[in-house]
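Enquirer: pasting the structure only:
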Ligand code: PMM
């Protein structure tokens with residue numbers, strides 16, 4: 001059944017929970033809470049990817065994430081590191097991370113494929129068209145799902161040519177990254193087409209703006225947890241490998257409902 005990746009942003013500026021977990025002790029505690037709530041993987045990030053977010057020096061990023069990863073991994077928790085930076089990925093691997101979650105799909109740091117190869121970790125390849133700008137000028141598609149699929153496939157080809165084991169790869173269509181609300185829904189509805197590339201697929205829709213658009217104007221970010229949980233259920237139904245979410249309990253119950261529903265069908 002679909003795994004739950006709980007978001008642990010160790011940053012002062014992430015759009016929905018920024019600044020809450022900047023101290024390592026508080027971050028570790030929050031990570032443990034996410035696990036207690038039913039997360040299977042904890043995704044630790046030290047640099048926000050939202051449009052207009054402040055640039056974080058790689059040294060600062062490492063200083064934020066490494067102690068948190070080390071502590072969670074030492075407790076037997078599966079940890080992923082949300083980074084575009086190969087040096088951070090290597091440091092995270094040494095600290096015990098199991099997965100490198102790179103929203104740039106290897107495009108931001110050309111040495112990332114070497115880090116993936118040498119660490120032997122699993123690697124999340126997300127669909128990305130460059131750093132987000134406010135205008136999101138790269139959110140232009142003629143056939144959204146086909147283009148996302150083709151660009152992901154190109155990244156995969158490059159990684160395989162580099163010698164990376166295909167069993168290490170996980171794909172992510174990059175909800176909200178160079179995609180407007182319509183594109184996001186097209187990608188979600190087209191999930192089976194992305195899955196047809198033959199790799200596990202991760203979906204990160206949690207609290208994103210296109211979900212807020214379904215709510216009354218001015219609704220706070222936490223109100224996006226209900227629509228996020230519905231997306232988690234539908235993604236699970238469509239065979240997603242994992243969903244990356246901020247609020248674990250609501251997605252836990254959503255996925256448990258899908259599991260029970262499917263068990264009813266197989267009875
Ligand atoms: N989204 C964000 C950050 N990291 N990683 C993956 N694999 N997929 C995503 O969709 C994704 C990600 C941005 O959200 P945040 O600022 O709430 O972490």
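Expert: Perfect, thanks for sending it. Small disclaimer: the values here were computed from a predicted structure and weren't measured.

Enquirer: ok, so what distance separates residue 163 from residue 114?
Expert: For residue 163, the distance to residue 114 equals 10 Å [Cβ to Cβ, to the nearest Å]. Quick note: C-beta positions are derived from backbone N, CA and C, even for glycine.

Enquirer: let me fix that: residue 255
Expert: 35 Å.

Enquirer: Of these two, which one has the most company?
Expert: residue 255 (25 against 16; other Cβ atoms under 10 Å).

Enquirer: In contact with that one, which residues are there?
Expert: The neighbours of residue 255, taking Cβ atoms under 8 Å, 6 or more residues apart in numbering as the test, are 1, 2, 4, 232, 233, 236, 243.

Enquirer: Quick check: the second one touching residue 236?
Expert: Read it as residue 2. Yes: contact criterion Cβ atoms under 8 Å: residue 2 and residue 236 qualify, at 3.9 Å.

Enquirer: Please enumerate the shared neighbours of the two.
Expert: Joint contacts of residue 2 and residue 236 (Cβ under 8 Å, 6+ apart) are 243, 255, 258.

Enquirer: So which of those is the closest to residue 65?
Expert: Among the shared contacts of residue 2 and residue 236, residue 243 lies closest to residue 65 (Cβ to Cβ), at 21.3 Å.

Enquirer: from what I can see, the closest one looks like it's in a strand, true?
Expert: Yes: membership of residue 243 in a strand is supported by DSSP: H, G, I helix; E, B strand; the rest coil.

Enquirer: Please report how far the closest residue to it other than its chain neighbours lies from residue 127.
Expert: With Cβ to Cβ, 6 or more residues apart in numbering as the criterion, residue 243 has its nearest non-adjacent residue at 4.5 Å, and that residue is residue 232. Noted for residue 232: a distance of 19 Å to residue 127, by Cβ to Cβ.

Enquirer: Contacts for stretch 137-147, please.
Expert: With Cβ under 8 Å, 6+ apart as the test, stretch 137-147 has contacts from 129-130, 148, 178-180, 183, 186-187, 189-190, 193-194.

Enquirer: quick one: least confident of these?
Expert: pLDDT across the contacts of stretch 137-147 is lowest for residue 130, at 85.

Enquirer: Helix or strand: which one has that one?
Expert: Assigned by DSSP states H and E, residue 130 belongs to neither a helix nor a strand.

Enquirer: hang on, residue 242 packs against residue 206?
Expert: No: using Cβ under 8 Å, residue 242 makes no contact with residue 206, being 11.8 Å away.

Enquirer: any chance you could map the strands in this protein?
Expert: If you assign secondary structure with DSSP state E, the strands in the chain sit at 3-9, 41-45, 78-82, 99-102, 122-126, 169-172, 202-203, 242-245.

Enquirer: List the neighbouring strands of the second one plus their orientation.
Expert: When pairing is defined by DSSP bridges, strand 41-45 lines up against strand 3-9 (parallel), strand 78-82 (parallel).

Enquirer: near the ligand, anything from the first one?
Expert: Which is strand 3-9. Yes: judged by Cβ under 6 Å from any ligand atom, strand 3-9 comes into contact with the ligand through 7, 9.

Enquirer: Now do the buried residues in that strand.
Expert: 3, 4, 5, 6, 7, 8, 9 (16 or more other Cβ atoms under 10 Å).
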